[in-house]
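# coords please:
(one chain, ligands or ions: 2)
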Amino acid sequence: MKKQILSGIQPSGILTLGNYLGALRNWIKIQNDYDCKFFVADLHSITVDQNPIELRKNIKSAIMQYIACGLDPEKNTIFMQSHVHEHAELGWILNCSTYMGELSRMTQFKDKSKKQANIKVGLFDYPVLMAADILLYDADYVPVGEDQRQHLEIARDIAQRFNSTYNKEIFKLPEAFITENTARIMSLQEPTKKMSKSDENKEATIFLLDDRETVLRKIKKAVTDSENIIKYSDEKPGIKNLMNIYSAISEKTYKQIEEECKDLGYGKFKQIVACAVSDVLDPIQKKYYELSSSENDEYLKSICKKGAETAQKTAEKKLKEVYDAVGFIV
Ligand code: ATP
Ligand code: LTN
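Ligands and ions are numbered 1, 2, ... in the order given. Take a look at the predicted model:
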């Protein structure tokens, strides 16, 4: 039997180059070798304020971006999290197996709660719902970026505790699947911070739907240093980030890039990086705009409907086992 893969992305805006290099591109690479389920984490996205009209657009757009990037709906189960009600139900049960103390240590919660007033319980509880997503499907591997490592660890802790409380191997312990050099693409404006969809400064983020001119402008404006030497170093976070992006796309090593670009200066180097990024984004955008024609509405709906049905078959069985273990009458 093939190993099980599960992952999701929040529909909190247009997906970014960080989402692509850190997560989506890996999903595409492994789709032939594993039994894969990929969902749009709509339940997660409302842990911060969302406008319903925008959210609806972003959910559909996320599905189209998954397919445009190369996820094959014939090979993978693609669905929307809210279409499989077992996610929320298992989330509740796992809430009753999780300590306030362990959730208080989550850095994503600490970071996000600093940025806004009126923090919702859902934001605090986010990792428990994420654990439910993963544990429902006995996922072996969860392909994500580095920022999600801590959430994977808590999912394992919750699973282990649940199994030992009820003295039964109900949940499999999942492992994070993280590709080191693309695990953390940084903001173009503050290269010590991760690139993020919801960054207020749109110049800091490359979106998958940015045209060539926009990509060039954003990369030209990227914060670097005054040395004008292309060298991979922790002391040069801006250049290190651009080298990381270029290396991930061109598959050249940092040494090769240093050699290739040693006489260029930052201006020329930025042009090369921008061109390489746009060459990757162009075919994605072409496919995306084809899919976005209203003729494809039914096709997209049918993918999500079939995906939810397939996912639910597994989810339903696991939830029953859980209900039985805790003492509910099933
Ligand atoms: P938000 O700004 O709404 O929190 P985000 O852009 O940080 O969103 P998520 O939806 O939280 O993105 O992440 C989706 C996937 O992309 C996760 O696997 C996450 O680890 C990965 N990811 C997000 N940002 C980056 C990044 N800058 N570099 C590498 N991987 C990333
Ligand atoms: N927390 C993830 C999105 C997410 C996820 C998951 C990823 C929600 N549930 C389950 C992998 C497995 C994020 O990217 N912020």
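
# Every contact and neighbour count from this point should use C-alpha atoms.
Will do.

# what helix or strand is the residue lying closest to Ile119 once chain neighbours are set aside on?
Using Cα to Cα, 6 or more residues apart in numbering and skipping residues adjacent in sequence, the residue nearest Ile119 is Ser113, 6.1 Å away. Assigned by DSSP states H and E, Ser113 belongs to helix 107-114.

# Against which helices or strands is that helix packed?
Under the contact definition 3 or more Cα pairs under 8 Å, 6 or more residues apart in numbering; DSSP states H and E, helix 107-114 sits against helix 121-135.

# tilt between the helix it packs on and helix 107-114?
Helix 121-135 runs at 150 degrees relative to helix 107-114, counting by axes from the mean of the first three to the mean of the last three Cα atoms, to 10 degrees.

# buried set for helix 121-135?
When neighbours are counted by 16 or more other Cα atoms under 10 Å, the buried residues of helix 121-135 are found to be 122-135.

# Can you read off the pLDDT for Asn118?
We have a pLDDT of 86 for Asn118.

# What about the residue nearest to Ile119, how many residues nearby?
16 (other Cα atoms under 10 Å).

# what about it, distance to Asn241?
26 Å (Cα to Cα, to the nearest Å).

# The residue nearest to Ile119 contacts Gly122, correct?
No - contact between Ser113 and Gly122 fails when scored by Cα atoms under 8 Å: they sit 11.3 Å apart.

# ok so, going back, which pLDDT value goes with the residue nearest to Ile119?
89.

# Identify the contacts common to Ser113 and Gly122.
Common neighbours of Ser113 and Gly122 (criterion: Cα atoms under 8 Å, 6 or more residues apart in numbering): none identified.

# what comes up buried for the worst-scoring helix or strand of the chain on mean pLDDT?
Here the helix or strand of the chain ranked lowest by mean pLDDT, DSSP states H and E is helix 107-114, holding a mean of 91. Neighbour counts over helix 107-114 (16+ other Cα under 10 Å) mark 108-109, 113 as buried.

# Columns distance to ligand 1 on top of those residues, output as a markdown table?
A markdown table is the format used below for the buried residues of helix 107-114 (distance: Cα to the nearest ligand atom, whole Å):
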| residue | distance to ligand 1 |
| --- | --- |
| Gln108 | 8 |
| Phe109 | 10 |
| Ser113 | 12 |
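
# Same list (those) but as a markdown table, adding distance to His151.
Output for the buried residues of helix 107-114, formatted as a markdown table (distance: Cα to Cα, whole Å):
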| residue | distance to His151 |
| --- | --- |
| Gln108 | 9 |
| Phe109 | 11 |
| Ser113 | 16 |
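
# closest to Phe207 among these?
Nearest to Phe207, judged by Cα to Cα, of the buried residues of helix 107-114 is Gln108 at 21.2 Å.
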